[in-house]
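Q: make a model of this:
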Amino acid sequence: MDVAGYVALTRQSGLDKELQTVANNIANISTTGYRREGVIFAEMVQALPMEGGSVAMTEARGRYTDTLQGALVETRGTFDFAIEGEGYFTVLTPAGERLTRAGAFTRDADGQVVNTDGHPLLDEGGGAILVPFEARSIGLGPDGTLSADDRPIARIGLMTAAEGTELYRESGVLFRADGETVPVEFGRIVQGFLEQSNVNPVSELARMIEVQRAYEYGQKLVDQEDERIAQTVRVLGQAS
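A: Residues are numbered from 1 along each chain as shown. Model prediction:
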């Protein structure tokens, strides 16, 4: 395969990764707290075995997360919490503390506030939150103060990555900070609401069609290049 074929293959590889990302976004349109993901492409310049020769190729170097806030939908659930503005809830997983915008919580058999996977929600001090079963009313203030029968029992902390710290998506709605996390200044929690996915179904479906067509065009180029090389080999073979 010559240079044109390699250039086409690098493009196909990148388009395949983008198509997988778009498909994952569409699959999570209804996932609470999900944030859209995108692909970052970079140009690679490869030297050729000739004086002054080079060729530019594309590569899918990484992914990014769209931090645009999703719509808040009222559920009236006692342990359904949504964040307005900046910040993440902190939950404790077997692998350590993780950040999330998914605020669908409940109580386990021990009275701990946990998410749908059973991971405890942490307060601003990093401790699990216990809500007594005998409490008749559970309230949540905008500052994250959780009360049982009008008596404060914990304050939910809203955290984000410190400056210079990166957040890495570990699963659909969980993020891992590679360093320190700090409290946010501009964020509040509302009770009885959930933040929906920030994926725009129309634009995402349009993007999927666009990427699929680009992939098909690229495949045609690869097939044509393969046929050109095969034809050249046949002609040279007959000439010899």
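Q: who touches stretch 162-176?
A: Stretch 162-176 has contacts (C-beta atoms under 8 Å, 6 or more residues apart in numbering) with 28, 31-35, 37, 63, 65, 88, 91, 93, 95-96, 98-102, 161, 177-182. Every residue, glycine included, has its C-beta placed from N, CA and C.
Q: cool, and stretch 120-129?
A: The set of residues external to stretch 120-129 that reach it, using C-beta under 8 Å, 6+ apart, is 89-92, 97, 105, 112-115, 144, 146, 153-157, 183.
Q: quick check: next helix or strand after the helix or strand of the chain with the lowest mean pLDDT?
A: Least confident element among the helices and strands of the chain, by mean pLDDT, DSSP states H and E: strand 54-65 (a mean of 70). Per DSSP states H and E, the first helix or strand lying C-terminal to strand 54-65 is strand 72-74.
Q: strand partners (parallel or antiparallel) of that next one?
A: strand 193-195 (antiparallel) (DSSP bridges).
Q: list the buried residues of the very next helix or strand once past the strand it pairs with.
A: On the C-terminal side of strand 193-195, the nearest following helix or strand under DSSP H and E is helix 201-239. By 16 or more other C-beta atoms under 10 Å, the buried positions in helix 201-239 come out as 204, 207-208, 211, 214-215, 218, 221-222, 225.
Q: could you find the closest non-adjacent residue to Thr160?
A: Ranked by C-beta to C-beta, 6 or more residues apart in numbering and with sequence neighbours excluded, the top spatial neighbour of Thr160 is Val184, at 5.0 Å.
Q: these two touch, right, the one you found and Ile156?
A: No: counting by C-beta atoms under 8 Å, Val184 stays clear of Ile156, with 11.8 Å between them.
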